[in-house]
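Novice: Below: sequence and its predicted model.
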Amino acid sequence: MADRWLHRLLWLSAMLAALVLGGIVVLLIGRTAPFIAQQGMELLARQWYPGDGEFGMAAMIAGSLAVAVLALVLAAPLAVALAAWLRYFAPGWLRRPALALFALMAGIPSVVYGLWGLLVLVPWINGWVPPGASWLAGSLVLALMILPLALLVTDAALAQVPPDWLHAGAALALSRVGMLRRVVLPHTAPAIASGVVLQFGRALGETMAVLMVCGNVVQWPGSVFEPVRTLTANIALEMSYAAGDHRIALFASGLLLMLVTMALLALSWRLGRRHHGTA
Amino acid sequence: MTRLIAMAVLSLGLAGCGQGGDKLVVTGSSTLAPVITEVAERFEKDTGIEVDVQSGGSGRGINDVRQGLADIGMVSRALDASEKDLDPVVVARDGIAMIVNADNPVDAITRAEVRALYRGETDNWQALGWTERPVTVINKSSGRATLTRFVEYFGLDNRNVEADMVIGENQQGIQAVASAPAAIGYVSVGAAEYEAGAGTAIRLLELDGVAASTSTVGAGRYPLGRDLNLITTGQRSAMVQRFLDFARSDEVADLYRKHYFVPARG
C-alpha cells in the first residue's frame, strides 16, 4: 500500500519535472518563433546592435564555443591523468583526502571562481598581455570549475574496471602504465567521454564566472588574449534592460543554448549506454 | 498533489483580488527601482497604501504611464521634447564619473580626451600625460541608461566605441578598474566616491575642470549629471500626489543617500 503511494508520488514528480522542462521549451519556442522567422539568416549574418534592431549572434555563439572548448582542452586531460595517477600511482594515504578536496572544489559556487578570476587571474594576465579580461581568462576559470567533477567522474569510471582484469593483466606481466593503456583506458573511455561531454554542457551554460572575466566585448574570438562575449553573459548583461525585439532576441539565444545542451546530454547518454552495453 | 494544485490556484486567485483597492503601481528605470522600493516600503508603513514597484527600464516607465498601466513612472534621465505630455518630479540627482586606477597619476580629463579614448583615436596613456602604456577602455553594456547618457554627453555613437571590456553593474566597473592599472571606465559618481573612500584602488577624474563628487552633482555644477524623475500624466489623484510628496520629503532623504544619490528635497 505504502509502496504504491510512493511509486505514484515518484511518478508524479518525474512527470512534473518533464512538464516544467517541456513548458520552458514550449514557452521559448512560442515567444521566439515569429521573431526567428522574421529575422532568418540575419541572426547570423549581422552584428549585435540591439538598439538599432540588429541581432546578429554569430560572434557570441563562436565566443561561447571557444571559451568552453579551450576550457575542456585544458581540464579534461588533466582530470583523467590526475584521476589515474591518484588511483594507480599515488601513495595510498593521499587518495582519500585528495578526492575529498576535489569534491569540495566541485561544491564551490561559480561566482567565487569568478571573483577569484577577477581579482587574481585577470590582473595577472593584464600585467602580461593587457587587457587581461579575455578568452583565456574565461577558459582558465571554467577549466578550474569543471576539473573537479571531470576528475570525480573519471575516478568513478575507473572504479568500474573489474578487479579480475587487473589481476589477469598483472599475471601477464603488464607494467602499470601498460595496464592503464591497454586495459583500463580502452574499457573506461566511453564513460569518461560521457562525463566530459556533460562538463562541456556545464561550461557552455556557465554565466556569472564567465561574465566577470571575459571582458564581454562582442567580437569574433581571435587571440586568446582578447575579450569575447558568450551567449550566457549576453543574456545576464542585457536581460534586465531589454524590451521588445531585444528581449525576444535574448530569449532566442536562451533557446539555442537549451537545444545545444539537450543535444550534448543526449550524446553523453549514448556514450554512457554504450559503456554499459559492453561491460 | 491535486490539493496542492488547488491551493496554488486559490492563492493566485487571492493575489489577483488585491488589485483595484488602495494600491499604487510604479514602474520603470532599474537605476531608480531599488531606492524607490525602499521609499515605497516606508510609505506603506506610514499610510497603509500598498505600492507595487516594478523595474524594467525608463522606456517601460514612460510607456506604462501613457497607457495607464502604471500610476507613476521612474525615468533616470531628463525628459526630451517628445515627452511634453508627462509631468516630471525630480526626486534625486546622480552623476557619471570617469574613473581610473589609483596607480594612474592622471587626475583630470576633458570631454575631447574622453571622446578620443572611446573612439580609439588615443590608445596610449602617454598622450594624456602618463607613461607609454596602452589604455584599457571599459564600456557599459547595451541598453543601460548610464551608457545612453554617456554617449549622448560625449557625442559618441555606440557603434564606433572601441572598448577593451564591457561591464554591467557599477560594482563590476569599479572592480575592473581597481584591478587593471591602465584602465579607464565610467560609473555612478556616488558609488565611485563611496568605494574610493573605502580604500578601493580607484580615482575619480576631474571632468572639464569640475571635480566629480556628490557635492558638485548636488550643486548642479558637475557637467555629466542626470536627473532621476518620477513621472505622471494628466490630473494626479490625491494618493499619487501623496506618494510624490513623500518621495521628495526629508523623511526619505537618507534612503537616496544610502543608494549614493543626491536627494532633491522638496
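Specialist: In hand now; what should we look at?

Novice: which SS state does B:A92 fall under?
Specialist: When classified by DSSP: H, G, I helix; E, B strand; the rest coil, B:A92 comes out as strand.

Novice: check contacts around the residue lying closest to it once chain neighbours are set aside.
Specialist: Using C-beta to C-beta, 6 or more residues apart in numbering or on different chains and skipping the chain neighbours, the partner closest in space to B:A92 is B:F261 (3.9 Å). All C-beta spots, glycine's among them, are computed from the backbone N, C-alpha and C. Applying C-beta atoms under 8 Å, 6 or more residues apart in numbering or on different chains, we find B:F261 in contact with B:V35, B:A92, B:R93, B:D94, B:G190, B:L228.

Novice: Roughly how far does B:F261 sit from B:D94?
Specialist: 5 Å (C-beta to C-beta, to the nearest Å).

Novice: which neighbours do the two share?
Specialist: Common neighbours of B:F261 and B:D94, counting by C-beta under 8 Å, 6+ apart, are B:G190, B:L228.

Novice: neighbours of A:A81, just the number please.
Specialist: A:A81: 12 surrounding residues under other C-beta atoms under 10 Å in any protein chain shown.

Novice: let me fix that: B:D80
Specialist: The number of residues packed near B:D80 is 7, by other C-beta under 10 Å.

Novice: With the one 3 residues further on instead?
Specialist: By the criterion of other C-beta under 10 Å, B:E83 has 14 neighbours.

Novice: how far away is it from chain A?
Specialist: 17 Å (C-beta to the nearest C-beta, to the nearest Å).

Novice: so that residue touches B:I62, yeah?
Specialist: Yes. In this structure, B:E83 is within contact of B:I62 by C-beta atoms under 8 Å, at 6.7 Å.

Novice: Which one among the contacts of B:F261 sits at the bottom for pLDDT?
Specialist: Among the contacts of B:F261, B:G190 carries the lowest pLDDT, at 84.

Novice: Quick one: residues contacting the spatially closest residue to it that is not a sequence neighbour.
Specialist: Of all residues not flanking B:G190 in the chain, B:Y260 sits nearest, at 2.5 Å (C-beta to C-beta, 6+ apart). Going by C-beta under 8 Å, 6+ apart, B:Y260 touches B:D94, B:S188, B:V189, B:G190, B:A191, B:E193, B:Y194, B:T214.

Novice: Would you mind measuring from the closest residue to the third one other than its chain neighbours to chain A?
Specialist: Just to be clear, that refers to B:V189. In this structure, B:V189 finds its nearest non-sequential neighbour in B:G95, 3.7 Å apart by C-beta to C-beta, 6+ apart. Distance, B:G95 to chain A, by C-beta to the nearest C-beta: 20 Å.

Novice: B:R42 too?
Specialist: B:R42 is 24 Å from chain A, where distance means C-beta to the nearest C-beta.

Novice: That residue is in what secondary structure piece?
Specialist: In this assignment (DSSP states H and E), B:R42 forms part of helix B:33-47.

Novice: Please put the alpha-carbon coordinates of that helix into CSV.
Specialist: These are the backbone C-alpha positions of helix B:33-47, laid out as CSV (Å, rounded to 0.1, in the frame of the first residue of the first chain):
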residue,chain,number,x,y,z
ALA,B,33,13.7,50.9,-8.7
PRO,B,34,15.8,49.7,-5.7
VAL,B,35,15.7,53.0,-3.9
ILE,B,36,12.0,53.7,-4.8
THR,B,37,11.2,50.2,-3.5
GLU,B,38,12.6,51.2,-0.1
VAL,B,39,10.7,54.5,-0.3
ALA,B,40,7.5,52.6,-1.0
GLU,B,41,8.1,50.3,1.9
ARG,B,42,8.3,53.3,4.3
PHE,B,43,5.3,54.9,2.6
GLU,B,44,3.3,51.7,3.1
LYS,B,45,4.2,51.6,6.8
ASP,B,46,3.1,55.2,7.3
THR,B,47,-0.1,55.2,5.3
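
Novice: Next, the angle helix B:33-47 makes with the following helix or strand past that helix.
Specialist: Toward the C-terminus, helix B:33-47 is succeeded by strand B:50-55 as the next helix or strand (DSSP H and E). Computed by axes from the mean of the first three to the mean of the last three C-alpha atoms, to 10 degrees, the angle separating strand B:50-55 from helix B:33-47 equals 180 degrees.

Novice: where's the helix or strand immediately after strand B:50-55 in the chain relative to the chain centroid, distance-wise?
Specialist: Going down the chain from strand B:50-55, the next helix or strand is helix B:58-66, by DSSP H and E. Centre-to-centre, helix B:58-66 and its host chain are 16 Å apart (C-alpha atoms, centre = their mean, to the nearest Å).

Novice: same thing with stretch B:94-113?
Specialist: Worked out by C-alpha atoms, centre = their mean, stretch B:94-113 lies 19 Å from the chain centre.

Novice: Which residues of the stretch 101-250 of chain B lie near chain A?
Specialist: The stretch 101-250 of chain B comes close to chain A at residues B:134, B:136, B:141-145, B:158-159, B:163-168, B:172, B:175-176, B:179-183, as judged by C-beta under 8 Å from any C-beta of the partner chain.

Novice: Tell me the buried residues within the residues you listed.
Specialist: Buried subset of these (neighbour count, 16 or more other C-beta atoms under 10 Å in any protein chain shown): B:136, B:141-145, B:158, B:163-168, B:172, B:175-176, B:179-183.

Novice: Which residue would you name as the spatial centre of chain B?
Specialist: The residue lying closest to the centre of chain B (C-alpha atoms, centre = their mean) is B:T31, at 3.6 Å.

Novice: Phi, psi for that one please.
Specialist: Backbone torsions of B:T31, given as degrees, to the nearest 10, read phi -70, psi -40.

Novice: Against A:S194, how distant is it?
Specialist: The gap separating B:T31 from A:S194 is 46 Å, by C-beta to C-beta.

Novice: quick one, the helix holding B:R42 and helix B:58-66 angle?
Specialist: Using the same axes, to 10 degrees: helix B:33-47 against helix B:58-66 is 40 degrees.

Novice: so how far is helix B:33-47 off the chain centroid?
Specialist: From the chain centre to the centre of helix B:33-47 is a distance of 18 Å (C-alpha atoms, centre = their mean).

Novice: List the buried residues for it?
Specialist: Neighbour-count burial for helix B:33-47 [16+ other C-beta under 10 Å]: B:A33, B:V35, B:I36, B:T37, B:E38, B:V39, B:A40, B:R42, B:F43.

Novice: And those residues, which is closest to chain A?
Specialist: B:A33 (9.6 Å; C-beta to the nearest C-beta).

Novice: which residues sit in contact with the closest one?
Specialist: Counted by C-beta under 8 Å, 6+ apart, B:A33 has contacts B:V53, B:Q54, B:S55, B:M74.

Novice: Most neighbours of all these, which one?
Specialist: When neighbours are counted by other C-beta under 10 Å, B:M74 leads the contacts of B:A33 with 31 neighbours.

Novice: Can you tell me the element it falls in?
Specialist: B:M74 belongs to strand B:72-75 when elements are defined using DSSP H and E.
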